[in-house]
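Peer 1: give me the fold of what follows.
(one chain, ligands or ions: 2)
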Amino acid sequence: MDKTPYFVKLEEAIEISCRTTIKPEIETVVLDESHGRILALDLLSLVDDPAFDNSSMDGFAMRYEDTKNPPQTLDIIGTIQAAGQEDNVVVGPKQAVRIMTGAPIPEGADSILQVELTTTNENKVTLQQEGMKHFIRKQGENLLKDSISITAGTILTPSCVGLCATMGHSTLPVIKPLKVAIISTGDELIPPGEELQRGQIYESNSFGLSGLVKWLGHEPIIMNNSGDSIDELRLALDKAASTCDLILTSGGVFMGEWDLVRKIMEDEGEIHFWRVKIRPGSPPLFGTWGVTPIFGLPGNPVSSHVVFRTLVAPWIRNTTSAKGPIEVRAFAQLATAVKSTKDSLTFRRVSIEMTNEGLVAHQKIHQGSGNIASMALSEGMVVLQPGQEYSIGDKVEVMIL
Ligand code: AMP
Ligand code: MG
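Peer 2: Numbering: from 1, shown residues only. Ligands and ions are numbered 1, 2, ... in the order given. Here you go, the predicted model:
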C-alpha cells in the first residue's frame, strides 16, 4: 500500500482510474431498438436532405419577378403534390402552380406564397404579398450526402434516431452494454420484504447502483450479497470477474478491521488509489481484480450514490467514449447558508425551486451520508470547493439530480 495514491483529489481519482480501460464490443441493432444506446461509429449520410428543392408551405410557386408590387394576378397552370408531377411543368412569366408542402419546386419558379395570402378565381390567383424565396427548402441544406452528420459516442435520443433514419440508415452500430457486477457486502444486510431482526438493515445500495448503471445505458448484474468474510468475498469477486466487464462493491472500504474489500484488494488484488477528497464519499478505492476493473464504493447509501455519479460515471463514459448522459449543472441562489468541509469537495443536497428570479436552493434535510432521503427527496447538490462557505442570497453551482 505504501506507494498507492491516498486521499486524492476527485480529478486525480478520475485520471488514475481512466488509465485502465476496457474495449467495449460493437453490435448492430435496428433503428427502433437503438433508443438510448451509444452510437459506436461516425455515421455518414447516405442522401442529401432534402433530396430535392421543395416547398415549405401549401400555396403557390412562381417567379419572384412577377410578384413585385402586389397585388398581382397570375395564371394557374397546374398543381404539384408529389415528386414526379413537376417533371413537365415549366413556370413561365405571369404563371403560378399550386404546390403542397414538401412537393418539388418546378422549373422556372423561385418563390412561394402561402395559400392564406392568396385568393383564387377559376384559373387565376391573386397574390397579396411578394413571393418568399426562403419558403423553398434547398436540396442538401440540412444534410449533405457522404458528410458525417452524427459522431461516435452520441447518445441516441429520439431525435437522433430520427436523424439516422433521415440519413437512410435502417440499422445502427452501437456499443454493447457493459455488464456491471454489483456486490454489496455486510453481515447486517437483508433484502427488503423480510422481517428485520435487531442489528439488521435493508440492503438498498444495489438497487440505487443498478438504476445508475441503467441510466448510463449498461447492464447491471446484482450478485448475491457477500457477508463479512474474506472467503465469501473472494468467491463473489471471482464470479463477478469471470462474467462481467466491471465490478462495483459497496461497503467495507474504509479503515476498520471489518473493511474487507479494502483488505482483500490489498492482499490479492491491485489498488490504484484509495480514498478521495469528496464528501460524502471519501472512502472509495479503484483497482483491478485479475484484469477486471473494480470500484470499491462506500457502504453509506448517499456516499455510494455520490461516488457513482462523480467517479464511476466518468470512467464508464470514458471507456465507452460516450458523450452522455451528462451531469446537468446550473446556478441557484441560496435560501440557506451552506458550508464545505475543510479538505474535500463537498456536495450538499438541496431542494430546488424555480422562481421568477431563477433557481432557488434550500438545504432542508439532515445531511448524514447514511440518510438516503437527503438524496432521494432533493433536486440538486450544491458543489462546494474545500473550505468554501456561502450565505443566504449567494449564487452557487448545483448539480441537478
Ligand atoms: P461499511 O462501509 O461497510 O462500514 O458501511 C457503512 C454503512 O453503510 C453501515 O452503516 C452499513 O450498514 C451501511 N451499508 C453498507 N452497505 C449497505 C447497503 N448495501 N445498503 C444499505 N446500507 C449499507
Ligand atoms: Mg460493512
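Peer 1: ramachandran angles for residue 32?
Peer 2: phi -70, psi -10 (degrees, to the nearest 10).
Peer 1: please name the nearest non-neighbouring residue to it.
Peer 2: residue 161 (7.8 Å; CB to CB, 6 or more residues apart in numbering). For every residue, glycine as well, the C-beta is placed using N, CA and C.
Peer 1: cool, residue 109 as well?
Peer 2: In space, residue 109 is closest to residue 61, 3.8 Å off (CB to CB, 6+ apart).
Peer 1: which residues does the one you found bridge with?
Peer 2: residue 97, residue 112 (DSSP bridges).
Peer 1: so it sits against residue 104, correct?
Peer 2: No. Residue 61 lies out of contact with residue 104 (CB atoms under 8 Å); the separation is 9.6 Å.
Peer 1: now the common contact residues for the two.
Peer 2: Taking CB atoms under 8 Å, 6 or more residues apart in numbering as the contact criterion, the common neighbours of residue 61 and residue 104 are residue 80.
Peer 1: higher neighbour count, these two?
Peer 2: residue 61 (28 against 23; other CB atoms under 10 Å).
Peer 1: what residues does the stretch 101-250 of the chain put near ligand 1?
Peer 2: Contact residues (CB under 6 Å from any ligand atom) of the stretch 101-250 of the chain with ligand 1: 184, 186, 188, 189, 201, 203, 204, 205, 206, 250.
Peer 1: show me which of these is closest to ligand 2.
Peer 2: residue 186 (3.8 Å; CB to the ion).
Peer 1: which residues does the closest one contact?
Peer 2: So residue 186 contacts 203, 225, 227, 228, 251, 252, 299 (CB under 8 Å, 6+ apart).
Peer 1: give me the buried entries from those residues.
Peer 2: Using 16 or more other CB atoms under 10 Å as the burial test, the contacts of residue 186 include 203, 225, 228, 251, 252, 299 as buried.
Peer 1: list just the nearest of the residues you listed to residue 239.
Peer 2: residue 225 (13.0 Å; CB to CB).
Peer 1: tell me the confidence at the closest one?
Peer 2: Looking at residue 225, its pLDDT is 94.
Peer 1: next: residue 2.
Peer 2: Looking at residue 2, the pLDDT reads 64.
Peer 1: ok, how many other residues are close to the residue nearest to residue 370 when sequence neighbours are not counted?
Peer 2: Nearest residue to residue 370, sequence neighbours excluded (CB to CB, 6+ apart): residue 300, at 4.9 Å. A count of neighbours around residue 300, defined by other CB under 10 Å, yields 22.
Peer 1: look up phi and psi at the residue of the stretch 251-400 of the chain found nearest ligand 2.
Peer 2: Among residues of the stretch 251-400 of the chain, the one nearest ligand 2 by CB to the ion turns out to be residue 251. It sits 3.8 Å away. Phi and psi for residue 251, reported as degrees, to the nearest 10, are phi 90, psi 160.
Peer 1: got it, and residue 155?
Peer 2: phi -80, psi 130.
Peer 1: what distance do you get for it to ligand 2?
Peer 2: 35 Å (CB to the ion, to the nearest Å).
Peer 1: can you check residue 57 too?
Peer 2: 67 Å.
Peer 1: just residue 36 next, same as before
Peer 2: For residue 36 relative to ligand 2 (CB to the ion), the value is 34 Å.
Peer 1: that residue: what secondary structure?
Peer 2: coil (DSSP: H, G, I helix; E, B strand; the rest coil).
Peer 1: check contacts around the nearest residue to it once chain neighbours are set aside.
Peer 2: Distances taken as CB to CB, 6+ apart put residue 217 closest to residue 36, at 5.8 Å, once the chain neighbours are dropped. Contacts for residue 217 (CB under 8 Å, 6+ apart) come out as 36, 37, 38, 155, 175, 177, 322, 325.
Peer 1: any low-confidence regions in this protein?
Peer 2: Low-confidence segments of the chain, defined by pLDDT under 70: 1-2.
Peer 1: ok, how many other residues are close to residue 256?
Peer 2: Neighbours around residue 256, by other CB under 10 Å: 10.
Peer 1: what values do phi and psi take at the residue nearest to residue 290 when sequence neighbours are not counted?
Peer 2: Excluding its sequence neighbours, the residue lying closest to residue 290 (CB to CB, 6+ apart) is residue 241, at 5.1 Å. Dihedral pair for residue 241: phi -70, psi -30, per degrees, to the nearest 10.
Peer 1: is it true that residue 241 touches residue 293?
Peer 2: No. Residue 241 is beyond contact range of residue 293, at 9.7 Å (criterion: CB under 8 Å).
Peer 1: joint contacts of the two?
Peer 2: In contact with both residue 241 and residue 293: residue 247, using CB under 8 Å, 6+ apart.
Peer 1: returning to what we had before: assign the residue nearest to residue 36 to helix, strand or coil.
Peer 2: Residue 217 - assigned by three-state DSSP - is coil.
Peer 1: next one: residue 159
Peer 2: Residue 159 ends up helix, using three-state DSSP.
Peer 1: from what I can see residue 21 touches residue 318, true?
Peer 2: Yes. With contact defined as CB under 8 Å, residue 21 and residue 318 form a contacting pair (7.2 Å).
Peer 1: for the residue nearest to residue 370, what are its contacts?
Peer 2: Counting by CB under 8 Å, 6+ apart, residue 300 touches 280, 369, 370.
Peer 1: looking at those, state which has the most neighbours.
Peer 2: residue 280 (28 neighbours).
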